[in-house]
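[1] Prediction below, plus the sequence it came from.
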Amino acid sequence: MIDELRAIVGAKNLLTGGDMAGYARDWSGKYSFTPRAVARPRTAQEIGAILRLANQTGTPVVPMAGNTGLAGGTYGEGAIIVSLERMTAIREIRQNARIAIVEAGVILSDLHEACAAQDMIFPLTFGARGSARIGGCLATNAGGSNVLRYGNTRDLCLGLEVVLPTGEVMEIMSELHKDNSGYNLKHLMIGAEGTLGIITAAVLKLHPKPRAYATAMVAAPDLPSALALLNRLQEETGGAVEAFEYMPRNYIEGHIARGKSMGTPAPEPFDAPYEVNILVEVAATAPRDADAGPDGQTPLAARLEEVLGALLDSGEVLDAVIAQNEAQRAQMWERREAAAEIAMARQPIQLNDIAVPLDRVADFLEAADAAVARLDGDARSITVAHLGDGNVHYSVWPSHDAPDHIDAIMEAVEEVALSMGGSFSAEHGIGITKKPSMARRKNAASIGAMRAIKAALDPNGILNPGKVLPDA
């Protein structure tokens, strides 16, 4: 089989033995494994040939894009790892149609740069954008900081090229915004975590590049006040709020401690410490909002300053600092985008990626802290949230990492989330980590339908096995 794989992708693009070390663990380090081989194909047709061979030999195949996931979705013991790292072509950027046609191995930040050169943006963004690849973003339906204005990855995709588990290439590279010709196979593949097919190319929606940003750190009395601030800003700016990120005090302290440990001191966001810290960013594309006046200030920034000033006078906001230049804006964003490193700096850790209705975030945090304390009085939580869409990254540092204990904490947190009409998985996917949650929480009929789809498309069960679906 190794010889046949080598014939498909070429000798230098098939890795075995020690050469596979960089592909044998996930980003978090929680999952380590030994692949059978790592294939680095260049085309969808080569991936099809690999999958046909895998079906003949009964060998599992695990697709790998940037390998930045947090749920064990690339675990591949004894599997052929299919790396998309050579499929990096940005085939077209069409400004008038506002689309980009790209291969699945394109790094997200590279796409950002290519779009910016044509005064466009692909608005999906998060901390791992420098290594995450488009195929992985689509496979997990990634979210990030701009979901509030632009939606998840699913909302940013028009068409796909997908290699099915049988090796057939499914061509649904539609550039249409309206197409009701049968089942929506695109949406079936997005978020399936590579269990139903390997995404190899996509047609993505672009947006005009904002002419101006206004970014601020805001301290609020509590989370309901922060939500009121969001709604006020949406009204005042015509829905121009791009990001609304919540960082509690213990997160700010974690960021400062991380800076000290790295020898790069991180400043406090305000002169005094506050419990509720919000990063807010609004953006404008219209010249009337973005062109600076004689004083050098844009109307967008002036409007943000005016709104925050009024709320400071009324006590609805406790403090606010508006970025005066790009360096200050970048500093604010670095604080938020260090979330994964801050959380992972302490072990053991139990990660929760949940979503609740916007007006229940405060209730969730209070109830989750109480539920965790009942199980482990020495546990500590660290939270960061996309407050504008209700996605809370509620991580727990337990006092010990016995598997039953970790699972009990996960179950308690998800019980709180679901009791408030929430979800146990918002944007990180299921992978291996949340399979127990799927078994506990997902409707039996839904699980049955998913299993039927998997069996129909992957009758031999070779593609990313053991992920997403609970064990039978």
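    Looks like it came in fine.

[2] May I have stretch 66-73 as CSV, with CA atoms only?
    The C-alpha trace of stretch 66-73 is given here as CSV (Å, rounded to 0.1, in the frame of the first residue of the first chain):
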residue,chain,number,x,y,z
GLY,A,66,-3.9,23.5,9.5
ASN,A,67,-4.3,21.1,12.5
THR,A,68,-5.4,24.0,14.8
GLY,A,69,-8.5,22.2,16.1
LEU,A,70,-9.2,21.7,19.8
ALA,A,71,-11.5,18.7,19.7
GLY,A,72,-9.2,15.9,18.5
GLY,A,73,-10.6,15.9,15.0
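
[3] Residues contacting it, please?
    23, 26-28, 30-31, 74, 107-108, 128, 131-133, 136, 139-140, 193-194, 340, 351, 353, 428-434, 464, 467 (C-beta atoms under 8 Å, 6 or more residues apart in numbering). Just so you know, the C-beta spots here come from the backbone N, C-alpha and C atoms, and that holds for glycine as well.

[4] And stretch 230-247, by the same measure?
    For stretch 230-247, the surrounding residues in contact (C-beta under 8 Å, 6+ apart) are 123, 145-146, 148-150, 210, 213, 223, 226, 255, 276-284, 289, 300, 303-304, 307, 311, 335-336, 361, 383-388.

[5] Tell me which residues touch residue 433, please.
    Residue 433 is in contact with 30, 70, 71, 72, 351, counting by C-beta under 8 Å, 6+ apart.

[6] Restricted to buried residues, select the contacts of stretch 66-73 in ChimeraX.
    To isolate the buried members of these in ChimeraX, using 16 or more other C-beta atoms under 10 Å:
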select :23,26,27,28,30,31,74,107,108,128,132,133,136,139,140,193,194,340,351,353,428,429,430,431,432,433,434,464,467
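
[7] Filter the contacts of stretch 66-73 down to the ones in helices?
    Per DSSP state H, helices hold the following members of the contacts of stretch 66-73: 108, 136, 139, 140, 340.

[8] which of those lies closest to residue 379?
    residue 340 (19.5 Å; C-beta to C-beta).

[9] ok, that closest one to residue 220 distance?
    From residue 340 across to residue 220, the span is 24 Å (C-beta to C-beta, to the nearest Å).

[10] Residue 125 - that's part of a helix, no?
    No. Using DSSP: H, G, I helix; E, B strand; the rest coil, the assignment for residue 125 is coil, not a helix.

[11] begin at 319 from here
    Done: numbering now begins at 319, and the last item shifts to residue 443.

[12] Distance of the residue nearest to it when sequence neighbours are not counted relative to residue 706?
    Distances taken as C-beta to C-beta, 6 or more residues apart in numbering put residue 462 closest to residue 443, at 5.2 Å, once the chain neighbours are dropped. Applying C-beta to C-beta, the value for residue 462 to residue 706 is 11 Å.

[13] With residue 545 instead?
    Distance from residue 545 to residue 706, by C-beta to C-beta: 9 Å.

[14] got it, and residue 562?
    Using C-beta to C-beta, residue 562 is found at 4 Å from residue 706.

[15] Could you tell me which residues touch both of the two?
    466, 548.

[16] In stretch 666-676, which residues are buried?
    667, 668, 669, 670, 671, 672, 673, 674.

[17] Which two among the ones in helices among the contacts of stretch 384-391 are spaced furthest apart?
    Farthest pair in the ones in helices among the contacts of stretch 384-391, by C-beta to C-beta: 457 and 658, 18.6 Å.

[18] helices and strands around the strand or helix carrying residue 367, which ones?
    Element membership for residue 367 (DSSP states H and E) is helix 362-375. For helix 362-375, the elements it packs on are helix 320-327, strand 379-382, strand 398-401, strand 475-481, strand 487-490, strand 516-523, judged by 3 or more C-beta pairs under 8 Å, 6 or more residues apart in numbering; DSSP states H and E.

[19] still on that earlier bit, name the SS class of the residue nearest to residue 443, please.
    coil.

[20] Kindly state the domain boundaries assigned to the chain.
    Domains of the chain are assigned by automatic domain parsing as 320-401, 408-526, 530-657, 664-747.

[21] how many neighbours does the closest residue to residue 610 other than its chain neighbours have?
    Distance criterion C-beta to C-beta, 6+ apart; nearest residue to residue 610, sequence neighbours excluded, is residue 616 at 5.1 Å. Look at residue 616: counted by other C-beta atoms under 10 Å, it has 19 neighbours.

[22] Kindly report the same for residue 401.
    24.

[23] Identify the bridge partners of it.
    residue 382 (DSSP bridges).

[24] ok, now which ones touch it?
    341, 356, 357, 358, 382.

[25] same deal with residue 361?
    405, 518.

[26] how near is it to residue 487?
    From residue 361 to residue 487 the distance is 9 Å (C-beta to C-beta).

[27] Let's verify residue 702: helix, strand, or coil?
    Residue 702 - assigned by three-state DSSP - is strand.

[28] re the thing from before, need the contacts of residue 751 in JSON lines (columns: pLDDT and distance to residue 331).
    Shown next, in JSON lines, are these (pLDDT from 0 to 100; distance: C-beta to C-beta, whole Å):
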{"residue": "348", "pLDDT": "88", "distance to residue 331": "28"}
{"residue": "388", "pLDDT": "89", "distance to residue 331": "28"}
{"residue": "389", "pLDDT": "93", "distance to residue 331": "27"}
{"residue": "390", "pLDDT": "94", "distance to residue 331": "25"}
{"residue": "669", "pLDDT": "92", "distance to residue 331": "33"}
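
[29] Out of those residues, which is nearest to residue 734?
    Distances from residue 734 to these, taken by C-beta to C-beta, are shortest for residue 669, at 15.5 Å.

[30] can you tell me how far the closest one sits from residue 378?
    For residue 669, the distance to residue 378 (C-beta to C-beta) stands at 25 Å.

[31] Ramachandran angles for residue 744?
    Here the main-chain torsion angles of residue 744 (degrees, to the nearest 10) amount to phi -100, psi -50.

[32] That one reaches residue 669, doesn't it?
    No. Checked against C-beta atoms under 8 Å, the pair residue 744 and residue 669 is beyond contact range at 11.6 Å.

[33] Show me what the host helix or strand of residue 712 is packed against.
    Following DSSP H and E, one finds residue 712 within strand 709-715. Contact partners of strand 709-715 among helices and strands, from 3+ C-beta pairs under 8 Å, 6+ apart: helix 657-662, strand 671-673, helix 679-693, strand 698-704, helix 721-737.

[34] Point out the one among the ones you listed that comes closest to residue 328.
    Nearest to residue 328, of the helices and strands packed on strand 709-715 and by C-beta to C-beta, is helix 657-662 at 34.7 Å.

[35] in that closest one, what counts as buried?
    Neighbour-count burial for helix 657-662 flags 657, 658, 660, 661, 662 (criterion: 16+ other C-beta under 10 Å).
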